[in-house]
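I would like to see how this sequence folds:
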Amino acid sequence: MPADGPRYPLNRAKFRVEIEGREELTGWRRVDGLRMATASTPVRDEATGLPRHLPGLRTAGPIRLERLFDGDPFLAEWYGEHGTRPLNGSVVFLDYSGEEKLRYNWSGGWCSLYELGPFVADVDGDGPQVEVVEITVEDIFVG
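Here you go, the predicted model:
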């Protein structure tokens, strides 16, 4: 057991999202796409004739975020800038008490998709509106 005590799984429902300059945005309900991958390039080992694999291009994301829409136009306006203003941000895991436990940061992110959920004018339409963005990022790293 580690010296700092036992470790428990983090609850996937306890997180917050921070976007550079707009950390106060709330209502986040889903994050998807915290992906980091490195391509593998096979090369032939001259001594053995067997393939060896060298690390190649590293890729990240894209990150898809969903939040309950509260009328704040920030995400739509960010998308409207067509990638001319990349922003950094974070997805922060919280423990049961709401304290920060782990942070995944992204750099060079620009809003590549903006979607406002369907408008429904009937009985099934009674519920919150959802705002969705996809962020194309240069890198994702633990920090």
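
quick one: the strands in this structure?
In order along the chain, the chain carries the following strands (DSSP state E): 15-19, 28-32, 36-44, 51-60, 63-68, 87-94, 100-116, 130-136, 139-142.

now do the contacts for the residue nearest the centre of the chain.
Compute the mean C-alpha point of the chain, and by CA atoms, centre = their mean the closest residue is Ile63, 3.9 Å away. In this structure, Ile63 makes contact with Val31, Asp32, Gly33, Leu34, Val91, Trp106, Gly109, Glu134, Ile135, Val137, Ile140, judged by CB atoms under 8 Å, 6 or more residues apart in numbering. For glycine as for every other residue, the C-beta is placed from the backbone atoms N, C-alpha and C.

what is the nearest residue to the last one once chain neighbours are set aside paired to in the beta sheet?
For Ile140, ignoring the flanking residues on the chain, the nearest one in space by CB to CB, 6 or more residues apart in numbering is Ala60 at 4.2 Å. Residues found in beta-bridge contact with Ala60 (criterion: DSSP bridges) are Met36.

my guess is Ala60 meets Val137, correct?
Yes. In this structure, Ala60 is within contact of Val137 by CB atoms under 8 Å, at 5.2 Å.

those two - which one has more neighbours?
Legend: neighbour count by other CB atoms under 10 Å for Ala60 and Val137, higher for Val137 (24 against 20).

one step back: how about the strands of the chain, which one is nearest Trp78?
The closest approach between Trp78 and any of those, judged by CB to CB, belongs to strand 100-116 at 4.6 Å.

and that closest one, what's its mean pLDDT?
Strand 100-116 comes out with an average pLDDT of 95.

off-centre distance for that strand?
On the basis of CA atoms, centre = their mean, to the nearest Å, strand 100-116 sits 4 Å off its chain's mean C-alpha point.

now swap in stretch 135-143 and tell me
8 Å.

between the two ends of that stretch, how far is it?
The separation between the terminal residues of stretch 135-143, taken as CA to CA, to the nearest Å, is 19 Å.
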